[in-house]
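Student: dropping the sequence and predicted coords here.
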Amino acid sequence: MNSQKILFGFMPATLIWGYIAIAIFMAGDGFELAFLSKYITNMGFSQEQATFVFTVYAFAAAIAAWSSGVIAEIITPQKAMFTGFAIWVIFHILFMTLGIGLHSYPLIVIFYGLRGFGYPLFIYSFIILLIHNLPASKISTAMGWFWAAYSIGLGTIGGLLPGFTNTSIGEHGTLWLALIWVAVGGLLALFTLRKVKISEDKANLSTSEKLHELTKAITILFTNKYIFMSALIRIINTIPLFGVAIIMPWFLEGDPKHNIAGLGFSNEEWQQIWALFLTITIFTNILWGIMGDHIGWLKQVRWVGCFCGIFSCLSFYYVPIYFGHNYYAAMIPAVLLGITVAAFVPMTAVFTTLEPNHQGAAVSIYNLSASLSQSVAAIIAGLVIGIWGVSGVLWTYAALYVFAAILTYFIKVEQPKITKLAKN
């Protein structure tokens, strides 16, 4: 590790701007998350077409997330971050001018989908930069701050600000505003991280050796059944998170084109509810990260994440149905899901403990699973909503939590601290 000033007991001074850049970048990236589905249907496209746009985007993001670690080590993290930044900016401009601007559904799908390669390459390459500049004993702390920066950007700023800008400059203007935020975050990282040093070990590997290690990020799914089951649990983990972002604007605000009356909520109210949920996860991620070490990783995932998650998921339908247009009552599901969805935090430790000799490949599978979650959420919403409506989508998500809870009983993982306490 390079000799450099350390802030807050763990953070290299040269990297502090990277955290700030991640927060700003992800704020811009998250502006459209809670309203784009309804914006597309308001243009005259169907709900199924809107969900397909998210599906394509999510698959692109999954590929980028899975490959970002290797790419960052091959071309350096800084160059990989710049590549992700450039991809996001170029295809967002094309998405806005040729896709949205011309009301062309094929171009919306193509350019928004290609934009999906941008953000994972940008943010996950920064993780490689952290690993190269921090001792192993500080990586966990650094990653806690990384996800906090991610959540502050995507959740607090990205979720709350559009509720106001949609009213003042319109949803179209908010989509252009996102470009400015991403540009600021990307350029900030570009200029402040350019001189940060990295290890040359991976860069010196031959191309065949790098490709061989990359293949392990797929083969361990078939050679380690526990990794496979863990991947399914991680996919299910955030399906409701992405799913409610798609379906709740239709449910709460209404969608006359598809015979959904709505409950009288405004887009600003929904944006604030969404921002509350994402803000809560900043604190619950820290809470459940600590608690998991004491009560058991999978035990926490099973009871808090899965079984309690069933109730938090269904509350998104039944609480608004019971209370109607009650802004404060509608916050209850957001609070509940913010508590339960974060209980899956120990899954990162589960993955790396299950593959101690190939932790990089295990993390790649974790990233791939996390990214696929958005795709699966969109696919389910698109297939189910036309048949059983919003309630059917949420019941499907709840059923997946039951399945995930069952899987936790079959995964055998030795948690060091719990094992040590048991022996004593």
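Tutor: That came through fine.
Student: need the longest helix for the chain.
Tutor: With DSSP state H applied, the helix covering the greatest number of residues in the chain is identified as helix 359-408.
Student: hmm, Phe126 is touching Pro77, no?
Tutor: Yes: counting by C-beta atoms under 8 Å, Pro77 is a contact partner of Phe126 at 6.6 Å. Where you see a C-beta, it was placed from the backbone N, CA and C, and this is true even at glycine.
Student: intersection of neighbour lists for the two?
Tutor: Common neighbours of Phe126 and Pro77, counting by C-beta atoms under 8 Å, 6 or more residues apart in numbering, are Leu193.
Student: where exactly do the helices run in the stretch 51-200 of the chain?
Tutor: Per DSSP state H, counting those that start in this stretch, the stretch 51-200 of the chain carries helices over the ranges 77-94, 105-115, 118-133, 139-151, 158-168, 170-192.
Student: Ala275 is nearest to which of those?
Tutor: Closest approach to Ala275 among those is made by helix 158-168 (3.5 Å; C-beta to C-beta).
Student: only alpha carbons, please: show the closest one as CSV.
Tutor: Coordinates of each C-alpha in helix 158-168 appear next as CSV, following Å, rounded to 0.1, in the frame of the first residue of the first chain:
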residue,chain,number,x,y,z
GLY,A,158,-31.5,10.7,-6.3
GLY,A,159,-34.8,9.7,-4.7
LEU,A,160,-35.7,13.0,-3.0
LEU,A,161,-34.6,15.8,-5.4
PRO,A,162,-36.7,14.6,-8.5
GLY,A,163,-39.8,15.0,-6.3
PHE,A,164,-39.2,18.8,-6.5
THR,A,165,-37.6,19.1,-9.9
ASN,A,166,-40.4,17.2,-11.6
THR,A,167,-42.7,19.9,-10.4
SER,A,168,-40.5,22.9,-11.3
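Student: give me the helices and strands touching that helix, please.
Tutor: helix 16-30, helix 170-192, helix 267-295 (3 or more C-beta pairs under 8 Å, 6 or more residues apart in numbering; DSSP states H and E).
Student: residues of that helix that come out buried?
Tutor: Neighbour-count burial for helix 158-168, counted by 16 or more other C-beta atoms under 10 Å, picks out Gly158, Gly159, Leu160, Leu161, Pro162, Gly163, Thr165, Asn166.
Student: in JSON lines: these, plus pLDDT and distance to Met43.
Tutor: As requested, those are exported to JSON lines (pLDDT from 0 to 100; distance: C-beta to C-beta, whole Å):
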{"residue": "Gly158", "pLDDT": "86", "distance to Met43": "22"}
{"residue": "Gly159", "pLDDT": "77", "distance to Met43": "23"}
{"residue": "Leu160", "pLDDT": "80", "distance to Met43": "25"}
{"residue": "Leu161", "pLDDT": "89", "distance to Met43": "23"}
{"residue": "Pro162", "pLDDT": "89", "distance to Met43": "18"}
{"residue": "Gly163", "pLDDT": "82", "distance to Met43": "21"}
{"residue": "Thr165", "pLDDT": "92", "distance to Met43": "19"}
{"residue": "Asn166", "pLDDT": "90", "distance to Met43": "15"}
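Student: what angle sits between the longest helix of the chain and helix 118-133?
Tutor: 110 degrees (axes from the mean of the first three to the mean of the last three C-alpha atoms, to 10 degrees).
Student: quick one: average pLDDT of helix 359-408?
Tutor: Averaging pLDDT along helix 359-408 gives 89.
Student: how far does it sit from its chain's centre?
Tutor: 13 Å (C-alpha atoms, centre = their mean, to the nearest Å).
Student: pretty sure Ile280 is touching Ala334, no?
Tutor: Yes: at 7.3 Å, Ile280 and Ala334 qualify as touching, with contact defined as C-beta under 8 Å.
Student: low-scoring stretches of the chain, by residue?
Tutor: 1-12, 134-144, 198-207, 210, 213, 257-259, 359-360, 416-424 (pLDDT under 70).
Student: domain parsing for it?
Tutor: According to automatic domain parsing, the chain comprises the domains 8-204, 208-424.
Student: out of the helices and strands packed on helix 158-168, which gets nearest to His92?
Tutor: Nearest of the helices and strands packed on helix 158-168 to His92, taken as C-beta to C-beta: helix 170-192 at 5.6 Å.
Student: re the thing from before, buried deepest among the helices of the stretch 51-200 of the chain, which one?
Tutor: Of all those, helix 118-133 carries the top mean neighbour count, a mean of 24, counting by mean count of other C-beta atoms under 10 Å.
Student: I'd like the distance from that helix to the chain centre, please.
Tutor: That offset, for helix 118-133, works out to 15 Å (C-alpha atoms, centre = their mean).
Student: can you pull the buried residues of stretch 254-272?
Tutor: Residues Gly254, Asp255, Ile260, Leu263, Phe265, Asn267, Glu269, Trp270, Gln271, Gln272 are the ones in stretch 254-272 that count as buried (16+ other C-beta under 10 Å).
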